[in-house]
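K.L.:
Fold the following and give me the result.
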Amino acid sequence: MGNTAVRSKDVQMNLWNFGYATMEQMYEQDYDLIDCNDGHYYIVPNAGYYYDYLKDGILYNQEINSIGNVTILVGNEQMLGGLLLYGTA
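P.N.:
Residues are numbered from 1 along each chain as shown. Coordinates of the predicted model:
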């Protein structure tokens, strides 16, 4: 394990896959958060390994500030919002 300090203040963290970085840990480390969960917001039509389209209700009913059992208060400066990603196979 190294001793190199990692800057997190005023750095945006795209939370794409929560196996790599969890919202709670990144919040505690002072990152600015963008929810772009690949399980909800990543579309790759005809690829077979991601969705061809958004699931019903995701875009308008999914709380962008809640991931799993962690919720960042609405209006919190660290919770910047969400991002829809579109890829090609």
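K.L.:
Could you use CA atoms for every contact and neighbour count after this?
P.N.:
Will do.
K.L.:
Residues touching the worst-scoring helix or strand of the chain on mean pLDDT, excluding its own?
P.N.:
Every helix and strand in the chain was compared by mean pLDDT, DSSP states H and E; the lowest is helix 58-61, with a mean of 80. The contact list for helix 58-61 (CA atoms under 8 Å, 6 or more residues apart in numbering) reads residue 40.
K.L.:
Name the residues of that helix that come out as buried.
P.N.:
Neighbour counts over helix 58-61 (16 or more other CA atoms under 10 Å) mark no residue as buried.
K.L.:
Downstream of it, the next helix or strand is which one?
P.N.:
Next along the chain after helix 58-61, taking DSSP states H and E as the criterion, comes strand 66-67.
K.L.:
Parallel or antiparallel, list what pairs with that next one.
P.N.:
strand 70-71 (antiparallel) (DSSP bridges).
K.L.:
and the strand it pairs with, how far out from the chain's middle?
P.N.:
The chain centroid and the centroid of strand 70-71 are separated by 12 Å, computed with CA atoms, centre = their mean, to the nearest Å.
K.L.:
and the next element down the chain from that strand?
P.N.:
Per DSSP H and E, the first helix or strand lying C-terminal to strand 70-71 is strand 79-82.
K.L.:
Now do that following strand: everything it contacts.
P.N.:
Applying CA under 8 Å, 6+ apart, the contact partners of strand 79-82 are 32, 33, 34, 35, 36, 64, 65, 72.
K.L.:
Any chance of TSV for those residues, columns neighbour count?
P.N.:
Supplementary listing: the contacts of strand 79-82 in TSV, determined by neighbours: other CA atoms under 10 Å:
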residue	neighbour count
32	20
33	22
34	20
35	24
36	20
64	21
65	20
72	17
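K.L.:
Include distance to residue 6 and pLDDT when you put the residues you listed into CSV, please.
P.N.:
Output for the contacts of strand 79-82, formatted as CSV (distance: CA to CA, whole Å; pLDDT from 0 to 100):
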residue, distance to residue 6, pLDDT
32, 14, 96
33, 16, 95
34, 19, 94
35, 21, 92
36, 22, 90
64, 26, 87
65, 24, 89
72, 23, 92
